[in-house]
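*Asks:* here is a sequence with its predicted model. Questions after.
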Amino acid sequence: MPDPILPSTIRLTPDQLTPVVCESCGGEVFYEGVMLREVSPLLSGERDVKLAPIPVFICLNCKEVVQKYVPPALRKPKIAV
């Protein structure tokens, strides 16, 4: 996922930025959610199962997760219509 914070030395105006648009509905307003994955004690070396949070962006209009910013191994496959 790209770093959402730009260095303070970069000066940009909104017209220089590329909008992120929902592939499902064209919406441009999103909120942040989290996907949770369990980490086995065998992998973590801990005694109990741990949780690994994965931040995602969700379209406010249609509630679809923006797959472009989900780690590739967790993306839903695109279905041809």
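*Replies:* Everything's here; your move.

*Asks:* tell me the SS of Val21?
*Replies:* Following DSSP: H, G, I helix; E, B strand; the rest coil, Val21 is assigned to coil.

*Asks:* what's the neighbour count on it?
*Replies:* 13 (other C-beta atoms under 10 Å). Every residue, glycine included, has its C-beta placed from N, CA and C.

*Asks:* and the residue nearest the centre of this structure?
*Replies:* Centroid check for the chain by C-alpha atoms, centre = their mean gives Val56 as the closest residue, at 2.8 Å.

*Asks:* lowest-confidence helix or strand of the chain?
*Replies:* helix 41-44 (a mean of 88; mean pLDDT, DSSP states H and E).

*Asks:* list the buried residues of the next helix or strand after it.
*Replies:* Of the helices and strands lying after helix 41-44 in sequence (DSSP states H and E), the nearest is strand 50-59. By neighbour count with 16 or more other C-beta atoms under 10 Å, strand 50-59 contains the buried residues 56-57, 59.

*Asks:* run the chain-centre distance for strand 50-59.
*Replies:* Relative to the centre of its chain, strand 50-59 is centred 7 Å away, using C-alpha atoms, centre = their mean, to the nearest Å.

*Asks:* just checking, what packs against it?
*Replies:* Strand 50-59 is packed against strand 30-39, with contacts defined by 3 or more C-beta pairs under 8 Å, 6 or more residues apart in numbering; DSSP states H and E.

*Asks:* so where's this protein shaky on pLDDT?
*Replies:* 1-8, 79-81 (pLDDT under 70).

*Asks:* residue furthest from the geometric center of this protein?
*Replies:* Max radial position in the chain (C-alpha atoms, centre = their mean) goes to Arg47, at 29.3 Å.

*Asks:* measure that residue to Leu74 for me?
*Replies:* 26 Å (C-beta to C-beta, to the nearest Å).

*Asks:* before we move on, back to that, contact partners of the least confident helix or strand of the chain?
*Replies:* 47-50 (C-beta atoms under 8 Å, 6 or more residues apart in numbering).
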